[in-house]
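Asks: sequence unknown, structure follows:
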């Protein structure tokens, strides 16, 4: 539990409330709690008023012991004193003044009263109040819990209404009144025999029944069966040693009861501190588990990012290889284009040569037709002119020679034409066309595969970027978890120290109480002899006084003259 004392000015009066938090609050949580508590206080005093607002907070610095403004969570120490300022307005002006001791808020005081009435409350040390807001304050005093307003009721001690501590240097009258009130169990202002018996027995004065009856009889001067306070005062005058012993035993009794109450309360608080220690350790362990899980996730993300980067490098290398393949296919296509252009040029040249050969063949055929026509004319001429037979025969012979030569030329031209036609590279052209088509198909396939590889590389790059962003988020989450882990560890260490301090305090108080009880018992045993001796001396004194009274009476009776003698002397 983390406790902070908060003071402020509400309708011109200073209030100082004790606010509890499960752990050290942040500045924002502190402001929200202050505004909630003091808004409820203002509503209880003046319904309909505006809500309470915090302008700034000041706290006592543990080094300089001066008031400084609250800026960070670390300034809100356990049991620190904080002053809350409201926004300045014409209706509200902060004024210096005494800051009272811290108490619980009014809407929680019912729970505080119920706690004060419990059988074993915790007696706490009071906080030294700050008398002026601008003055320095004691840090050690501010770090102490607030004392309860009223003394707690103790129900386990018969004959006593409430636990109260008696002064060491009390006067005789204070001792008389304290012992009388301590023995008066029913608070009816008189002591009864049973009350005296129970009181003597409770305070360790082990008188016998006869002694107690005799003491009560001596105290009850008027014989009404009870000892009034004036009779008790006279009884205390008769037995001063018994009064001192009874007073200090009563004082020791209440001190032991208060110590036992404190030990019981400390023992009751121990499970709460242990529970807080377990909760703090659980929170720290959970933070440790979260940190380990975050580290594991960061490692997984690192491996995933490294794997994605490796795949991305492979995809980029594949894309570059495909680009090189496309370039090579393009080069092959360009080479095929060059070969195709050469073959087409050669084809064009072959076609031109074939056309020239066809023209030559046509000329030869026309010449042959002319020769045949000439032969026909010659044969006609031979038939028409016999006389010209010799000339005609010679001419026919010559023309036949020319015809043979023409036939030879025609055959030669036809052979040349056929040779030229056969020399046209149709098969090579077809092969080049096929190679060209294959090259274009390979180029298209390479381009498509290149696009696929580029798309895969882009997708892998996007995945890598996503993994890198996830890795950065995981690293950020791990850093946040580490930041929360350290306050949890500090909280656990703090609660452990509180538990150890509490256990040492409890053991020290138990040892001190046992030693005190042992010393008191030894002292009571020594006092018992003195008190019994005082009772015996008082009895002896009373016995001697009774004997002295009897002797005085006998002496007076012996020396007192009779009435007859007195009459005789009077008439003489």
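Replies: That came through, no problem. Given the structure is predicted, the values throughout are model-derived calculations rather than measurements.
Asks: and the next element down the chain from the helix or strand containing residue 369?
Replies: Residue 369 is part of helix 240-384 when elements are defined by DSSP states H and E. Remark: after helix 240-384, the chain's next helix or strand is helix 389-422, criterion DSSP H and E.
Asks: Let me know the average pLDDT across that following helix.
Replies: Confidence for helix 389-422, expressed as mean pLDDT, is 75.
Asks: Can you report how many residues neighbour the closest residue to residue 16 other than its chain neighbours?
Replies: Leaving aside its sequence neighbours, residue 16 sits nearest to residue 7 (CB to CB, 6 or more residues apart in numbering; 4.2 Å). No exception for glycine: its C-beta is placed from N, CA and C like everyone else's. When neighbours are counted by other CB atoms under 10 Å, residue 7 registers 20.
Asks: next one: residue 204
Replies: For residue 204, the neighbour count with other CB under 10 Å is 17.
Asks: got a list of what it touches?
Replies: By CB atoms under 8 Å, 6 or more residues apart in numbering, the contact set of residue 204 is 249, 521, 524.
Asks: mind listing what the last one touches?
Replies: Contact partners of residue 524, counting by CB under 8 Å, 6+ apart, are 204, 245, 249.
Asks: my read: residue 183 touches residue 191, true?
Replies: Yes - applying CB atoms under 8 Å as the test, residue 183 and residue 191 come out as touching, 5.5 Å apart.
Asks: that older thread, wait, is the residue nearest to residue 16 part of a strand?
Replies: Yes - membership of residue 7 in a strand is supported by DSSP: H, G, I helix; E, B strand; the rest coil.
Asks: Kindly state the beta-bridge partners for it.
Replies: For residue 7, the beta-bridge partners are residue 16, residue 83 (DSSP bridges).
Asks: circling back: can you put the contacts of residue 204 in JSON lines and add pLDDT and distance to residue 307?
Replies: Formatted as JSON lines, these follow (pLDDT from 0 to 100; distance: CB to CB, whole Å):
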{"residue": "249", "pLDDT": "86", "distance to residue 307": "85"}
{"residue": "521", "pLDDT": "74", "distance to residue 307": "80"}
{"residue": "524", "pLDDT": "72", "distance to residue 307": "84"}
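Asks: Out of those residues, the closest to residue 196 would be?
Replies: Nearest to residue 196, judged by CB to CB, of these is residue 249 at 14.0 Å.
Asks: quick one: that closest one from residue 194, how far?
Replies: 19 Å (CB to CB, to the nearest Å).
Asks: neighbour count winner among these two?
Replies: Neighbours were counted for residue 249 and for residue 194 using other CB under 10 Å; residue 249 has more, 22 against 12.
Asks: Hmm, that one is touching residue 202, no?
Replies: No - if you go by CB under 8 Å, residue 249 and residue 202 don't touch, sitting 9.1 Å apart.
Asks: give me the number of residues near residue 79?
Replies: For residue 79, the neighbour count with other CB under 10 Å is 19.
Asks: Poorly predicted segments of the stretch 251-400 of the chain, please.
Replies: Filtered on pLDDT under 70, the stretch 251-400 of the chain yields the residue ranges 381-382, 385-386, 388-389, 392.
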